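*Asks:* Show me how the following folds:
(one chain, ligands or ions: 1)
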Amino acid sequence: MAIRVGLLGCGHVGSALVRLIDDHAPIIEARAGAKLEITRVAVRNLAKERDVELPHERFTHDAEEVVTDPSVDVVVEVIGGIEPARSLILAALERGKPVITANKELLANFGRELFTAAEDRGVDLLFEASVCGGIPLIRPLRESLAGDRIRRIMGIVNGTTNFVLTRMTESGSSFMEALAEAQTLGYAERDPTADVEGYDAAAKAAIIASIAFGTQVVAGDVYREGIADLTAQDIDSARNLGYVVKLLAIAEDVDGEVAVRVHPAMVPVRHPLASVKDSFNAVFIQADAVGDLMLYGRGAGGMPTASAVLGDLIDAAKNLAGGGRGATMGAVARKRIRPIDEMRSQFYVLVEVADRPGVLAAIASAFGAHGVSIKSMQQVGIAEEARLIFVTHKAKERDLEATMHDVRALDVVHKVGSILRVVGEDD
Ligand SMILES: NC(=O)c1ccc[n+]([C@@H]2O[C@H](COP(=O)([O-])OP(=O)(O)OC[C@H]3O[C@@H](n4cnc5c(N)ncnc54)[C@H](OP(=O)(O)O)[C@@H]3O)[C@@H](O)[C@H]2O)c1
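*Replies:* You can find the predicted model right below:
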C-alpha cells in the first residue's frame, strides 16, 4: 500500500523532507505500514534548481491543484506565511485530507479556525515542526504529559537570538557586531526583525501555551520584548552576578489564568537553560507529577525540521491505513490571559546616582513604598558617580514600574539604566 503525499513548498524544509523520505524508505514503510510517495509538489518557481530526485512532471506552480487532486491522500504545507497556506490547508481539510504543517505564524494567528475545521471533518492536523523544529515538543505536551498538570514552560525557542546572545556573552561583542556575525554565518536573515524583536518566539509561545493549558492563545496575546536594546554592559553585569542573559518564551498557569511572555531574562548559571548555547533551542517544563523536564536540540534547519514533519506524516499515514486519527486538541477552555502588569518577576535594576551619603536610603525607600523588596545590592563607584545594581525579590510588574517612576524623580539619580527580569531563581 502507498500513501500519496501532496507537498506544498519545496524550499529548505520541503526539499529536506523529499530527501529524507527517499533515504529512509525501508524504515518508513516498516513504521507507517505503508510506503510514502510524493506524487505532487507545488512551488512558486518551476525553473528553480532543486536538490531533490523527483520527476519534473510532479511539480506545479498551482498549489490548489495539488490539494484538490483526488489521488493525493495527505497534504504537507511547508510554504509558510498566512496566505495562501491558510486557504490551502482549509481546502485540504474540507476534502477530508490530513494535513501536516510547520507553519507557526499561521497556527499562532488562525489555529482555532484550522483546528475546528480538522475536528469537524475528523481528520488529522499535525504541527510538531511548527515549534522548535526538530525537537519533539508538541507530542510530549499533548500525549506524554496529558495526565499531568503543567505549571510552567520556559523555552529558548529562537536559534538566531540565542546565537547572538551567546556571541555577546563569550566574545564581549555588541549586539550589532554579534548580529552581523550571525548574518554572515547564515543564522540570521537579512531582515532580522522577526527574530530579534521576539515576534517569532511570541508565535511559538502562543502555540505552546495553547497546547499546554488547553486554551486559546494567539500571538497578539503574548507580551513581547526583543534583544536589540541589550548592551555588552548588561551581559557583563549578568556574568558578575552569576547569570547569563537569554531570550525566553515563558508560559505559565497562574491561579487558573494563563500568563505568556517573551523577553530577555537573566538566568542563573546553574539553571539548565543557561548552558543552551549557539543556535540550539531548549524547552524546560515544570509539571506536578513529572517535576522538571528539559528537551534540547536543533530548533531550525531543513533536516531537523523535516524530521519532525516526517514523524507527523508517518502518524497520519498510520491513521489513514488503520482508519483512526491522532490526538485531537480536546476541549478548549476560555482562560483569562493575565496582562503583563499583573505578572510577578524578580528584577535586575541598574541605577546611576551621585556618589553622596543618603542616596541609598532614598532609593531603598522608593522600593519600600511600593512593596518591592530588595534581595541584593552592589555598588560600583566611578569618579563622582556610582552605579547601584539591585536584584529584587519577586514583585508585580506594576509595582516595579511605579518604583522606577519614583526613583527617576529623585534628584540624586542621574539615570535608570537597564531593567531586566531574573528568571529561574526564586521559583
Ligand atoms: N527553515 C527552517 O529552519 C524552519 C524551521 C521550523 C519551521 N519552519 C517553517 O517551515 C515552513 C517552510 O520554511 P522553509 O524554510 O522551507 O521556507 P522556504 O525555503 O522559503 O520554502 C518555501 C517554499 O514554498 C514555495 N512557495 C512559496 N509560495 C508559494 C505559493 N504561493 N505556491 C506554491 N509554492 C510556494 C517556495 O517555492 P520556490 O522554491 O519556487 O520559491 C518554496 O519552495 C515555514 O512555515 C517555516 O516557518 C522552517
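
*Asks:* which residue sits closest to Ile82, ignoring its sequence neighbours?
*Replies:* Leaving aside its chain neighbours, Ile82 sits nearest to Leu106 (5.7 Å; criterion: CB to CB, 6 or more residues apart in numbering). Glycine gets a C-beta too; all of them are placed from N, C-alpha and C.

*Asks:* Now do Gly159 against the ligand, distance only.
*Replies:* For Gly159, the distance to the ligand (CB to the nearest ligand atom, to the nearest Å) stands at 8 Å.

*Asks:* quick one: pLDDT of that residue?
*Replies:* The per-residue pLDDT reported for Gly159 equals 97.

*Asks:* ok, now which ones touch Ala25?
*Replies:* Neighbour list for Ala25: Lys35, Leu36 [criterion: CB atoms under 8 Å, 6 or more residues apart in numbering].

*Asks:* tell me the phi and psi of it?
*Replies:* With angles defined as degrees, to the nearest 10, Ala25 sits at phi -50, psi -50.

*Asks:* Get me the contact residues on the stretch 51-200 of the chain for the ligand.
*Replies:* Applying CB under 6 Å from any ligand atom, we find that the stretch 51-200 of the chain lies next to the ligand at Ala63, Val78, Ile79, Gly80, Pro84, Ala102, Asn103, Lys104, Ala129, Gly133.

*Asks:* is it possible to export those residues to CSV including distance to Arg261, pLDDT and secondary structure?
*Replies:* Formatted as CSV, those follow (distance: CB to CB, whole Å; pLDDT from 0 to 100; DSSP: H, G, I helix; E, B strand; the rest coil):
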residue, distance to Arg261, pLDDT, secondary structure
Ala63, 35, 98, helix
Val78, 29, 98, coil
Ile79, 29, 98, coil
Gly80, 25, 97, coil
Pro84, 32, 98, coil
Ala102, 24, 97, coil
Asn103, 23, 97, coil
Lys104, 17, 97, helix
Ala129, 24, 97, helix
Gly133, 22, 94, coil
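
*Asks:* before we move on, back to that, what's the helix or strand hosting the residue nearest to Ile82 packed up against?
*Replies:* Under the criterion of DSSP states H and E, Leu106 resides in helix 104-121. With contacts taken as 3 or more CB pairs under 8 Å, 6 or more residues apart in numbering; DSSP states H and E, helix 104-121 sits against helix 85-94, strand 125-126, helix 199-213.

*Asks:* so where do the helices sit in the stretch 101-250 of the chain?
*Replies:* Assigned by DSSP state H, counting those that start in this stretch, the stretch 101-250 of the chain shows helices spanning 104-121, 138-139, 159-171, 175-184, 193-196, 199-213, 232-241.

*Asks:* now Ile135: how far from the ligand?
*Replies:* 10 Å.

*Asks:* Which single residue of the stretch 301-427 of the chain ends up nearest the ligand?
*Replies:* Closest approach between the stretch 301-427 of the chain and the ligand, counting by CB to the nearest ligand atom: Thr305, at 4.0 Å.

*Asks:* quick one: low-confidence parts of the stretch 201-350 of the chain?
*Replies:* 327-331 (pLDDT under 70).

*Asks:* Might you name the residue of it sitting closest to the ligand?
*Replies:* Taking CB to the nearest ligand atom, the stretch 201-350 of the chain has Ala300 as its residue nearest the ligand, at 3.4 Å.

*Asks:* Where does that residue sit: helix, strand or coil?
*Replies:* coil (DSSP: H, G, I helix; E, B strand; the rest coil).

*Asks:* Neighbours of it, how many?
*Replies:* By other CB atoms under 10 Å, 21 other residues sit near Ala300.

*Asks:* show me what contacts it?
*Replies:* Counting by CB under 8 Å, 6+ apart, Ala300 has contacts Gly133, Gly159, Ser279, Asn281.

*Asks:* circling back: burial measure for the residue of the stretch 301-427 of the chain closest to the ligand, as a count.
*Replies:* Neighbour tally, Thr305, other CB under 10 Å: 26.

*Asks:* related to what we said a few turns ago, Throw the contacts of Ala300 into TSV and include distance to Gly147, thanks.
*Replies:* Formatted as TSV, the contacts of Ala300 follow (distance: CB to CB, whole Å):
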residue	distance to Gly147
Gly133	27
Gly159	31
Ser279	33
Asn281	26
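
*Asks:* Filter these down to the buried ones.
*Replies:* Buried residues within the contacts of Ala300, defined by neighbour count using 16 or more other CB atoms under 10 Å: Gly133, Gly159, Ser279, Asn281.

*Asks:* got a list of what the closest residue to the second one other than its chain neighbours touches?
*Replies:* What it means is Gly159. Leaving aside its sequence neighbours, Gly159 sits nearest to Ser279 (CB to CB, 6+ apart; 3.6 Å). Taking CB under 8 Å, 6+ apart, we find Ser279 in contact with Gly159, Thr160, Asn162, Phe163, Tyr187, Arg298, Gly299, Ala300.

*Asks:* just the buried members of those residues?
*Replies:* Buried members of the contacts of Ser279, counted by 16+ other CB under 10 Å: Gly159, Thr160, Asn162, Phe163, Tyr187, Arg298, Gly299, Ala300.

*Asks:* tell me which of the residues you listed is nearest to Pro55?
*Replies:* Pro55 lies nearest to Ala300 out of those, by CB to CB, at 29.6 Å.

*Asks:* How about Val422: what's its closest non-neighbour residue?
*Replies:* Gln346 (3.9 Å).

*Asks:* same deal with Ala91?
*Replies:* Val67 (4.9 Å).

*Asks:* so the one you found touches Leu93, yeah?
*Replies:* No. Val67 is beyond contact range of Leu93, at 9.6 Å (criterion: CB atoms under 8 Å).

*Asks:* Show me what residue of this protein gets nearest to the ligand.
*Replies:* Gly11 (1.9 Å).

*Asks:* since we're on Val13, how many residues are nearby?
*Replies:* Neighbour number of Val13 under other CB under 10 Å is 26.

*Asks:* And whichever strand or helix holds it, what does it pack against?
*Replies:* In the assignment (DSSP H and E), Val13 maps to helix 12-23. Helix 12-23 sits against strand 2-8, strand 35-42, helix 302-322, with contacts defined as 3+ CB pairs under 8 Å, 6+ apart.
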